[in-house]
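Participant: quick check, what structure comes out for this input:
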Amino acid sequence: MQEAFVVALERWPSDGVPDNPGAWITRVARNRAIDRLRREKTLRMKKEVLEGLEALAPTSEELESEAEPEMPDDRLRLIFTCCHPALRPQARVALTLRTLGGLTTAEIASAFLTSEATMAQRLVRAKAKIRDAGIPYEVPSAEQLPERLTSVLATLYLIFNEGYFTSSSEGLIRTELADEAIRLARVLVETLPGDPETRALLALMLLQNSRREARLDEAGEMVLLEDQDRSLWDRAQVEEGLRLVDSLTGVVGPYSIQARIAAEHARAGRAEETDWRRIGLLYGQLRRIQPSPVIELNRAIAVAMDRGPGVGLELIDAIEGLDRYAPYHVSRADLLGRLGRAEDAVEAYRRGLELSTNPVQRAFLERRIEELGKNVE
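Facilitator: Numbers count the residues shown, from 1 in each chain. A predicted model of the protein is given here:
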């Protein structure tokens, strides 16, 4: 509660006193309490990892032979260690998320759009391969970093995503995960300043994270991107992210394209000023280098915003493989509602509600179902 009052003293003079100060204080205090409990749980989970880190500490002879450490951050060194090329890419990322990222098996399964049981089996197989193949637990040399970089970037981004929109927490955002992913990305940029995709990943995280304070209203309810008060966006993060994007001239990679998409949102002073046509083209470019039904879904949403909900719905209905992905059904529901098909929209929202595991999102979907249900009646 004391921390909540400190936040109020910092923000209310500039933002104004909320309509319900008591509810605002209670919500902030509750979120701080949840964050503290989660940090304590994460610390217990990290005990084994910290012991492993101690084993990796260089000897005095090794320190004398090295003018400067190749990887200055201990956690980042461990992430590179876990992303061993002998494991399949998805397995190495999943194992790193479980071991070092603080994510549960269910959260990792959500990130990979698979079931918890399937992910648990993948983790068991990955651990067995490490044991049976005698894969050494050692920090890679400078020459080995490039072959592991793609998996490291994927790991950091999935940690950030779970923090930005948590799949199983009581809140919408896990700030400690998002902040740690950004911190590690900064260290990686400093360590590998010549790698454009590393800079692009940091830019993408900053631009998305800049919206944090606008994603929930004073009652703790979710606010969609198009309805957010953009004056609440963190301008320092926006400006840093845009500078990084501007440094990516000529670069075409998955993170650089996603960073450019985030930059289009950041440059729009109002939601209606968003250049959806350019965003749709960027998603088309991303689809060519990294085919994915989720990317197809995001492209369809951009096309719907540019050319109308009917065109977007037609594209969404042609996508396969996302029946158990809540955002797929929520996106369909939104477009159906815009087309005046309230009954179909309610049905799609209900399917999304069945698949959603986040209580904040579930509350939002329940409200939409109730609002549209009045039109059906």
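Participant: where in the chain is pLDDT low?
Facilitator: 35, 37-72, 100-102, 111, 135-140, 142, 167-173, 375-377 (pLDDT under 70).
Participant: mind telling me what element the residue positioned nearest the centre of it is part of?
Facilitator: Centroid check for the chain by Cα atoms, centre = their mean gives residue 161 as the closest residue, at 1.3 Å. In the assignment (DSSP states H and E), residue 161 maps to helix 145-164.
Participant: and the closest residue to residue 337 other than its chain neighbours, what does it touch?
Facilitator: The spatially closest residue to residue 337, leaving aside those adjacent along the chain, is residue 345, at 4.0 Å (Cβ to Cβ, 6 or more residues apart in numbering). For the C-beta atoms, the positions are set from N, CA and C on the backbone; glycine is no exception. Counting by Cβ atoms under 8 Å, 6 or more residues apart in numbering, residue 345 makes contact with 333, 334, 336, 337, 372.
Participant: most neighbours, which of the residues you listed?
Facilitator: residue 333 (25 neighbours; other Cβ atoms under 10 Å).
Participant: pretty sure that residue contacts residue 352?
Facilitator: Yes: at 6.3 Å, residue 333 counts as touching residue 352 under the criterion of Cβ atoms under 8 Å.
Participant: contacting residues around the nearest residue to residue 82 once chain neighbours are set aside?
Facilitator: Of all residues not flanking residue 82 in the chain, residue 96 sits nearest, at 4.1 Å (Cβ to Cβ, 6+ apart). Shown in contact with residue 96 (Cβ under 8 Å, 6+ apart): 79, 82, 83, 151, 155.
Participant: how much space between residue 96 and residue 227?
Facilitator: Per Cβ to Cβ, to the nearest Å, residue 96 is found 36 Å from residue 227.
Participant: go on, residue 262?
Facilitator: Residue 262 is 18 Å from residue 227, by Cβ to Cβ.
Participant: try residue 357
Facilitator: With Cβ to Cβ as the criterion, residue 357 and residue 227 are 23 Å apart.
Participant: so these two - more neighbours on which side?
Facilitator: Between residue 357 and residue 227, residue 357 has the larger neighbour count (other Cβ under 10 Å), namely 14 against 10.
Participant: doesn't the more buried one belong to a helix?
Facilitator: No: counting by DSSP: H, G, I helix; E, B strand; the rest coil, one finds residue 357 to be coil, located in no helix.
Participant: hmm, residue 104 and it touching each other?
Facilitator: No: the criterion here is Cβ under 8 Å, and residue 357 misses it with residue 104 at 11.2 Å.
Participant: what does the residue nearest to residue 82 show for phi and psi?
Facilitator: Phi and psi for residue 96, reported as degrees, to the nearest 10, are phi -70, psi -40.
Participant: could you check how far it is from residue 329?
Facilitator: 30 Å.
Participant: report the contact partners of residue 230.
Facilitator: Residue 230 neighbours (Cβ under 8 Å, 6+ apart): 214, 269, 270, 271.
Participant: just checking, residue 163 touches residue 182?
Facilitator: No: using Cβ under 8 Å, residue 163 is not in contact with residue 182; the gap is 9.1 Å.
Participant: so for those two, which sits in the more crowded spot?
Facilitator: residue 163 (25 against 21).
Participant: so who does that one touch?
Facilitator: Residue 163 neighbours (Cβ under 8 Å, 6+ apart): 173, 174, 175, 176, 177, 178, 179, 180, 181.
Participant: all helices of the stretch 251-377 of the chain, in order?
Facilitator: 254-267, 276-289, 293-307, 309-317, 326-338, 342-355, 359-376 (DSSP state H, counting those that start in this stretch).
Participant: against residue 80, how distant is residue 147?
Facilitator: Distance from residue 147 to residue 80, by Cβ to Cβ: 10 Å.
Participant: any idea which helix or strand carries the residue nearest to residue 186 when sequence neighbours are not counted?
Facilitator: Spatially, and ignoring its direct neighbours in sequence, residue 186 is nearest to residue 202 (6.3 Å; Cβ to Cβ, 6+ apart). According to DSSP H and E, residue 202 maps onto helix 196-209.
Participant: what's that helix packed up against?
Facilitator: Under the contact criterion of 3 or more Cβ pairs under 8 Å, 6 or more residues apart in numbering; DSSP states H and E, helix 196-209 touches helix 145-164, helix 175-191, helix 235-246, helix 254-267.
Participant: from the chain's centre, how far out does that helix sit?
Facilitator: With Cα atoms, centre = their mean, to the nearest Å as the basis, helix 196-209 stands 11 Å off its chain's centre.
Participant: can you pull out the helices in the stretch 1-150 of the chain?
Facilitator: With DSSP H, counting those that start in this stretch as the criterion, the stretch 1-150 of the chain has helices spanning 2-15, 21-45, 47-56, 60-65, 74-82, 89-99, 105-111, 116-133, 145-164.
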